[in-house]
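> Pasted the sequence and its predicted model underneath.
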Number of protein chains: 2
Amino acid sequence: MAKEAPPRSRLEPPRVPMELHVKNREKLLRSLRQHLTETSQALSGFILLQGGEEKTRHDTDHIELFRQESYFAYLFGVVEPGFFGAIDVMTGNSILFAPRLPAGYAVWLGEIKPLSFFQEKYMVSFVFYTDDIEQVLHQHYGGEDKPILFLLHGLNTDSHNFSEPAKFKGIENFKEDTCTLHPILTECRVLKSDMELALIQFANDISSEAHVEVMKNTRVGMKEYQLESMFLHHTYMYGGCRHCSYTCICATGGNGAVLHYGHAAAPNDRTLEDGDMALLDMGAEYNFYGSDITCSFPVNGRFTSDQALIYSAVLDAHDAVISVMKPGVNWVDMHKLAEKTILNSLQKAGILVGNVEEMMIERVGAVFMPHGLGHLLGIDTHDPGGYPKGLERPKELGLSSLRTARKLLEGMVITVEPGCYFIDALLGPAMDNPKTSKFFNRDSLARFRCFGGVRIESDVHVTASGCSNMSKVPRQVSEIEAVMAGGAWPH
Amino acid sequence: MAKEAPPRSRLEPPRVPMELHVKNREKLLRSLRQHLTETSQALSGFILLQGGEEKTRHDTDHIELFRQESYFAYLFGVVEPGFFGAIDVMTGNSILFAPRLPAGYAVWLGEIKPLSFFQEKYMVSFVFYTDDIEQVLHQHYGGEDKPILFLLHGLNTDSHNFSEPAKFKGIENFKEDTCTLHPILTECRVLKSDMELALIQFANDISSEAHVEVMKNTRVGMKEYQLESMFLHHTYMYGGCRHCSYTCICATGGNGAVLHYGHAAAPNDRTLEDGDMALLDMGAEYNFYGSDITCSFPVNGRFTSDQALIYSAVLDAHDAVISVMKPGVNWVDMHKLAEKTILNSLQKAGILVGNVEEMMIERVGAVFMPHGLGHLLGIDTHDPGGYPKGLERPKELGLSSLRTARKLLEGMVITVEPGCYFIDALLGPAMDNPKTSKFFNRDSLARFRCFGGVRIESDVHVTASGCSNMSKVPRQVSEIEAVMAGGAWPH
Ligand SMILES: [Mn+2]
Ligand SMILES: [Mn+2]
């Protein structure tokens, strides 16, 4: 009798509690009411958000797979396109507005659900059609004059784009406030509830397992995209994750030095060669909540001494940061701690020469790690709220790439992702620069010209007294080599 | 010694010849010059198209994976975003305009390639930067006055959207012609070259293999999305297909009656039950060229007599159409042939009662197959050109869903996808309608209320004397049962 293959996953997609989004709404309502009270404004009007719409590709009828706009997803958890959502500031009632679907929808796209279906599914007070927004809001409004609408408009400090306030026919019969909501709602998203943490944990669990699956099956001669395919398959097949948090970065060899490799113009299409390092930055999303994990390892399963050297430098930085993270700690200090840890290792190895404190002043760390140490993570991979009003982005090289310069708070989830890369476009100028040229040992560095890079990225939850690493992948050199040789994980 | 697992695929992604796109440009140039000659216009000016741009998701910095605009892909084969492309009507020279990338691109997104790289890769005469378009076109222009630009603007008859003509700074210093190019270029895309056919064949081969892989591994208790995941993985892992032609439709049980199931609001999330039919409409894309294949089978691997009845009715329609397809045949007649074949089977089985010719007049076929028999296939799943100017869309029920009403031409690739569905939203009204109610045997039909549907879809190449089916999947009831029981495929 044939032996059954062992199960490929220990995991199952968990039930998603819609209470999560109910609590998100309650949290927002508390914050907004507090703000209105503090600024002597009436506790009335409506928070109003517009959900996303399906988009076709250019002029064709090819519809891109829809993923809800993130703020709307946070508050309402709605997976369908074309909705609006409101919260009555006075009563706390939540109102969804569903699109009125044409009869043909039932034939082509599925059953036309009654409004009561959405009311129950999304646990809201009322559901109406989007073409009744004006009328419904006026009817629900208890006050006199025009009701006030708190609309979402504000800067995303990563993209430098502004969120679009909701628009509907008849909006001119309301007072529009486009300043109040964005900072308050964004701040709500910064601190994660237990239910949010559970989803981020599942996204981490299935992604961690998938990373291990990829490690075990990576072979010289494969294409980078085959590693991507294995990851996507594992997280969808066993985790029900239809979306990733971001396009998979499957960089091998020199491509490891391209921080955001993997996009359409650099599409994970290199062939893995013996002696390459792989840098795989891949994370699945579950019910909107994401993960963002990077593993770096030699594609042939055995670290060379140079590979172990750079890898250990980055792992030391990763571990050093996590060992001191707790509420109150400044994220800029954590970035500097990572930089310094890496510079120390490079100096000890003779790749850099001279005083590390001096290197820090001259920003040599940014030559090897030009990106920020990490970013808030949630419904967006780069979750908003990194620079609330009044907090300036640092100007120094490297630090200016930080997606937040905040102090850590209990309930944040933030990535810790130090890296060490050998990037010609940065090394060349730094070695030519009279202020920094003395730090570089050209002979040593020559060995690393085609090295690419190492990044080690974990998703870390800031707890009351410290932090907890949500990403459970092999990190030690010995662990990675054991798993790649067929060893069990977790042990 | 452990036995090695058999290879999961017999295929390898083929080399993509850039000559394919060179020939596409030559074909367009011939057609345009002929038109200009026939209409006594000068053979001068430029064809100018604007390629697609990467898009972020709403206000965030989440970048959707870019896929080139289809007309631009057809002519230039460019995978990178942000390009323009021109063809000099007089000389035939082709000119690409590449975006001028900021220095930071090298650190974050990859090596900044010299213009000569793109010239060689895309086999064009010249490459310049997009900010030089105005100047370059004026310099290359041989004539007097303002050079004429043939821009792409026209109706997509599936989406009812219009393609957007290229825009750039200084365009007001040219004469714009937005009428001439679209119908001529669209007609070029209708007839496929041998090199195009080879890519469509590969997309079909890897997708056929993936469909078989899914059939073999489908089990009661699985989720629909797990079938999708297996398909995506097989086509990417072994075929290098990063994109699908369209969102996978993985419908089981009653969901088979939802023609375009699988989108965000109906996301392939049902659990497979014993006794279900599965209807899987999934096709991979390779170097822009797509495939579109549907297989229907019982999830437990054995057809019931009712399942075999409906399946065979649809297969007979599929085979009947393919057996008579050849140049000159009218597609509307093929649709009617499929309808009639299905109605005959339903009548023989006692599900319908009465005269089939009469049913055809009353459009009863459209109750069971509300969609068109098939559509042109190429760089778009619903390839354009179905209704060239002067060809009217039929008005009759069912026929009005046809994406083309053309006569077949040698070189077309068109899907043949008859289906038979039990759709409450259509059956109810048809049984109530005094003109059609007499045809329905309510007792028999009751057995099929939760059946869902069957679709059988192949991609068919119209040859000089007939046609050739490019999709090679098990189609006979016995073949499907054998493959699902572990039999080899192809035999
Ligand atoms: Mn990250
Ligand atoms: Mn089709």
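Everything's here; your move. Ligands and ions are numbered 1, 2, ... in the order given.
> Quick check: closest non-adjacent residue to residue A:385.
In space, residue A:385 comes closest to residue A:190 once its chain neighbours are excluded; the distance is 4.0 Å by CB to CB, 6 or more residues apart in numbering or on different chains. All C-beta atoms are positioned from the backbone trio N, CA, C, and that covers glycine.
> Return the distance of the one you found relative to residue A:465.
19 Å (CB to CB, to the nearest Å).
> Looking at these two, which one has more neighbours?
Remark: of residue A:190 and residue A:465, residue A:190 carries more neighbours, 20 against 8, as counted by other CB atoms under 10 Å in any protein chain shown.
> List the residues that contact the more buried one.
In this structure, residue A:190 makes contact with A:376, A:383, A:385, A:409, A:411-412, judged by CB atoms under 8 Å, 6 or more residues apart in numbering or on different chains.
> same thing but at 7 Å, please
Applying CB atoms under 7 Å, 6 or more residues apart in numbering or on different chains to residue A:190 gives the contacts A:376, A:385, A:412.
> next one: residue A:107
Neighbour list for residue A:107: B:259, B:370, B:423, B:425-426 [criterion: CB under 7 Å, 6+ apart].
> Can you tell me which of these is nearest chain A?
When these are ranked by distance to chain A (CB to the nearest CB), residue B:425 comes first, at 4.0 Å.
> Domain parsing of chain A, as residue ranges.
Structural domains of chain A, as assigned by automatic domain parsing, span the residue ranges A:19-190, A:194-484.
> Do me a favour and average the pLDDT over the shortest one.
So the one you mean is domain A:19-190. Across domain A:19-190, the average pLDDT comes to 97.
> re earlier: the residue nearest to residue A:385 and residue A:286, how far apart?
Remark: distance between residue A:190 and residue A:286 (CB to CB) = 20 Å.
> out of the contacts of residue A:190, who's nearest ligand 2?
residue A:376 (42.4 Å; CB to the ion).
> give the contact list for the residue nearest to residue A:181 when sequence neighbours are not counted.
Spatial nearest neighbour of residue A:181, excluding adjacent residues (CB to CB, 6+ apart): residue A:150 at 4.2 Å. Residue A:150 makes contacts with A:32, A:45-48, A:177, A:180-181, as judged by CB under 7 Å, 6+ apart.
> Now list the buried members of those.
Buried positions within the contacts of residue A:150, assessed by neighbour count (16 or more other CB atoms under 10 Å in any protein chain shown), are A:32, A:45-48, A:177, A:180-181.
> Briefly note if stretch A:300-319 comes near ligand 1.
No - for stretch A:300-319 and ligand 1, the contact criterion (CB under 5 Å from the ion) is not met; the two come no nearer than 12.5 Å.
> now that stretch: mean pLDDT?
Over the span of stretch A:300-319, the pLDDT mean works out to 98.
> Check which residues of that stretch are buried.
Of all the residues in stretch A:300-319, those buried under the rule 16+ other CB under 10 Å are A:300-301, A:303, A:307, A:309-319.
> now stretch A:216-225
For stretch A:216-225, a neighbour-count test (16+ other CB under 10 Å) marks A:218, A:222-225 as buried.
> The residues you listed: which ones sit near ligand 1?
Restricting these to those near ligand 1 by CB under 5 Å from the ion leaves nothing, as none qualifies.
> Could you single out the nearest of the residues you listed to residue A:249?
residue A:224 (9.4 Å; CB to CB).
> so residue A:225, which of the three states?
Reducing the assignment to helix, strand or coil with DSSP: H, G, I helix; E, B strand; the rest coil, the entry for residue A:225 is helix.
> wait, isn't it in contact with residue B:236?
Yes - assessed by CB atoms under 7 Å, residue A:225 is found in contact with residue B:236 at 6.5 Å.
> Which residues are in contact with each of these two?
Residues touching both residue A:225 and residue B:236 (CB under 7 Å, 6+ apart) are residue B:242.
> Send me the longest helix seen in chain A as PDB with only the CA atoms.
When chain A is scanned for its longest helix (criterion: DSSP state H), the result is helix A:194-217. Backbone C-alpha positions of helix A:194-217 (Å, rounded to 0.1, in the frame of the first residue of the first chain) are rendered in PDB as follows:
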ATOM      1  CA  ASP A 194      -6.300  41.600  19.500                       C
ATOM      2  CA  MET A 195      -8.600  40.600  16.600                       C
ATOM      3  CA  GLU A 196      -6.400  42.400  14.200                       C
ATOM      4  CA  LEU A 197      -3.300  40.900  15.700                       C
ATOM      5  CA  ALA A 198      -4.800  37.400  15.200                       C
ATOM      6  CA  LEU A 199      -5.200  38.000  11.500                       C
ATOM      7  CA  ILE A 200      -1.800  39.500  11.100                       C
ATOM      8  CA  GLN A 201      -0.500  36.400  13.000                       C
ATOM      9  CA  PHE A 202      -2.200  34.100  10.700                       C
ATOM     10  CA  ALA A 203      -0.800  35.900   7.600                       C
ATOM     11  CA  ASN A 204       2.600  35.500   9.300                       C
ATOM     12  CA  ASP A 205       2.100  31.900  10.100                       C
ATOM     13  CA  ILE A 206       1.100  30.800   6.600                       C
ATOM     14  CA  SER A 207       3.800  33.000   5.100                       C
ATOM     15  CA  SER A 208       6.400  31.600   7.400                       C
ATOM     16  CA  GLU A 209       5.400  28.100   6.500                       C
ATOM     17  CA  ALA A 210       5.500  29.000   2.800                       C
ATOM     18  CA  HIS A 211       9.000  30.600   3.100                       C
ATOM     19  CA  VAL A 212      10.100  27.300   4.700                       C
ATOM     20  CA  GLU A 213       8.500  25.300   1.800                       C
ATOM     21  CA  VAL A 214      10.400  27.500  -0.700                       C
ATOM     22  CA  MET A 215      13.700  27.100   1.100                       C
ATOM     23  CA  LYS A 216      13.300  23.300   1.100                       C
ATOM     24  CA  ASN A 217      12.500  23.200  -2.600                       C
END
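> Give the rounded mean pLDDT of that helix.
Here the average pLDDT along helix A:194-217 is 98.
> what helices or strands is the helix or strand containing residue A:311 leaning on?
Element membership for residue A:311 (DSSP states H and E) is helix A:305-324. Using 3 or more CB pairs under 7 Å, 6 or more residues apart in numbering or on different chains; DSSP states H and E as the contact criterion, the neighbours of helix A:305-324 among helices and strands are helix A:331-348, strand A:413-416, strand A:419-421, strand A:453-455, helix A:477-484.
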